[in-house]
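Undergrad: no sequence on hand, only this structure:
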């Protein structure tokens, strides 16, 4: 019931899915209450874990509970928009663009930074109130970004380690979550939204936290039933 309440496009759809596929009639209100209650329990567990971590000393916080931790978990690049580089519109800049892209892909970020510094000297520094779309403002922004992110742009190393250099995994996950919680006729309370987001993330997680949750939940049971006050 909680699974369908977390995955179906709505609680009404979850009720219809259970009736059609499991031949069980459960009202959407009951599914909603059960899903929210379990979600609240998971949120409480999460907050307790965060609180326990925050109470640790700094050396203990820096140590991971996992035995082996990769130096990098995932490398991402923004894929929100598809931008086309038309070489015909950049007859002089296109070879430079290709060269810089190759340098970045090969992990030689310092060469791009050096080229940008040289270009900045040629065009000059932007004024404080200068628009962002002027050539020297764009050069300054690109240079600042690469200088700040240089230590994270080891693309040659990441490719050798087989790490994904893409944002598609995150974007795909967000689409699955958005399908459940977003919609023109969907409105949530803070508590309801947090509960559903927690469960949606739990079911999508590779660590399968709900497996442990369901196994240990009986040990935390108080014997009290949950009722909703009548109005």
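TA: Received, thanks. Values in this document were obtained by computation on a predicted structure and should not be read as measured data.
Undergrad: pull the longest helix from this protein.
TA: As assigned by DSSP state H, the longest helix anywhere in the chain is helix 28-54.
Undergrad: give me the mean pLDDT for that helix.
TA: Summarised as a single mean, pLDDT over helix 28-54 is 92.
Undergrad: with stretch 210-219 instead?
TA: Averaged across stretch 210-219, pLDDT comes to 90.
Undergrad: relative to residue 134, how far out is residue 93?
TA: Computed as Cβ to Cβ, to the nearest Å, the residue 93 to residue 134 distance reads 16 Å. (Each C-beta comes from the backbone N, C-alpha and C, glycine too.)
Undergrad: now do the phi/psi pair for residue 165.
TA: phi -110, psi 80 (degrees, to the nearest 10).
Undergrad: tally of neighbours for it?
TA: Neighbour count for residue 165, taken as other Cβ atoms under 10 Å: 12.
Undergrad: does it touch residue 158 like I think?
TA: Yes. Assessed by Cβ atoms under 8 Å, residue 165 is found in contact with residue 158 at 6.0 Å.
Undergrad: worst-scoring helix or strand of this structure, pLDDT-wise?
TA: One helix or strand of the chain scores below all others by mean pLDDT, DSSP states H and E: helix 58-62, with a mean of 81.
Undergrad: who touches that one?
TA: Residues from elsewhere that reach helix 58-62 (Cβ atoms under 8 Å, 6 or more residues apart in numbering): 53, 54.
Undergrad: number the residues from 53 up from this point.
TA: In the new numbering, first residue 53, that becomes helix 110-114.
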